[in-house]
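Participant: A structural model of the following input is requested.
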Amino acid sequence: MKLLLLEDDPVISEQIKNYFELFDHLVDLYDNGETLIQEANPAHYDVMLLDINTPGLSGLEVLRTFRELSLETPAIFITAMSDLETLKEAYRSGCNDYVRKPFDLEELEVRIEHLVKGHGERSLPLGERYRFDMKNERLYEGDNEVPLGRKERRLLYLLLKHRGHTVSKESLKTYLWDDREVCDNTLRTTMKKLRDKLQENVIENLRGEGYRIPHA
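Facilitator: Here you go, the predicted structure:
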C-alpha cells in the first residue's frame, strides 16, 4: 500500500512511517496542508491519514478540497481533538474513519486494512489464467504465486486499481519512483520485466498516452 500522511508532529509522523515501512508499505509525509494540496495527488495513494490541526491548511480543509474535486481516496483523520462537533465536521468533510490520539499503531493498521478491503475488491482476475491479490500485492496463476519484484508488484497494482482507464507514463513514474527523476526507458524496462512473467498479453500500450489493463 501507499499512504499519504499529513502530520506536523515529527515524532508521530516518524513512528507511523517506520511502522508501516516495516511491512513494505510506502508512506509520504507532509507537515503542511497547503503544501500537500499543491504537491500530492491522492489518486496515487490507497489511503490518506490526516491530522486536523496542521499549518497552511487544516486537515479538514485539505479533505474538503479533494472531495470537491471528486477524489475518492479513503481518508482517516488522526487527531487529539475529541469533541463531538469536531467529529461531526470530520465526517461532513468526507472522511471514512476517525482515530483519536494517542492511538495504537496496530489498531491504525487494522482500520486501514479494513478500509482498503471495503473500498475495493481484494482479489481481481487478470486474463484467463491469473488473479491479483490487491491487499498483499501478490500475483497467482492458479494456486501458484508468480514471483514479482517490488516495482513490478506496484506497477500491476496501480494498473488494476485504474482498470479500464489509461494510466499515463508520468503517473506511473511518480507512483513507482516518487519524486526521483527517471526516464521513459526505466519505466519500459520495468514494464518488460512484468510482461515477461505473464503468459498472456493483458497490458495494453497506448502510444503517447500510457498503459491500460482493459475491463475483464
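
Participant: Could you pull out the strands in the protein for me?
Facilitator: Per DSSP state E, the chain carries strands over the ranges 2-6, 26-30, 47-50, 75-79, 97-100, 123-126, 130-133, 138-141, 144-146, 167-168, 204-206, 210-212.

Participant: Compare those and say which comes out lowest on pLDDT.
Facilitator: Ranked by mean pLDDT, these end with strand 123-126 at the bottom, a mean of 86.

Participant: Which elements pack onto that strand?
Facilitator: strand 130-133, helix 150-161 (3 or more C-beta pairs under 8 Å, 6 or more residues apart in numbering; DSSP states H and E). In short, each C-beta sits where N, CA and C put it, glycine included.

Participant: Can you add mean neighbour count and distance to residue 44 and give those back as CSV?
Facilitator: Shown next, in CSV, are the helices and strands packed on strand 123-126 (neighbours: other C-beta atoms under 10 Å; distance: least, C-beta to C-beta, whole Å):
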stretch, mean neighbour count, distance to residue 44
strand 130-133, 18, 18
helix 150-161, 20, 8
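
Participant: Of the strands of the chain, which is nearest residue 197?
Facilitator: Distance to residue 197, taken as C-beta to C-beta, is lowest for strand 144-146 among the strands of the chain, at 5.7 Å.

Participant: before we move on, the earlier item: tabulate the helices and strands packed on strand 123-126 in a markdown table, adding columns for distance to residue 57.
Facilitator: Formatted as a markdown table, the helices and strands packed on strand 123-126 follow (distance: least, C-beta to C-beta, whole Å):
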| stretch | distance to residue 57 |
| --- | --- |
| strand 130-133 | 36 |
| helix 150-161 | 26 |
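
Participant: closest one to residue 56 among those?
Facilitator: Evaluated over the helices and strands packed on strand 123-126, closeness to residue 56 peaks at helix 150-161, with 28.0 Å, by C-beta to C-beta.

Participant: if we can go back for a sec, select, out of the helices and strands packed on strand 123-126, the one closest to residue 4.
Facilitator: Among the helices and strands packed on strand 123-126, the nearest to residue 4 by C-beta to C-beta is helix 150-161 (14.5 Å).

Participant: which strands and helices sit next to the closest one?
Facilitator: Helix 150-161 packs on strand 123-126, strand 130-133, strand 138-141, helix 169-177, helix 184-196, going by 3+ C-beta pairs under 8 Å, 6+ apart.

Participant: and the angle from the helix or strand of the chain with the lowest mean pLDDT to strand 75-79?
Facilitator: Lowest by mean pLDDT, DSSP states H and E among the helices and strands of the chain is helix 105-119, with a mean of 82. For helix 105-119 against strand 75-79, the angle by axes from the mean of the first three to the mean of the last three C-alpha atoms, to 10 degrees is 160 degrees.
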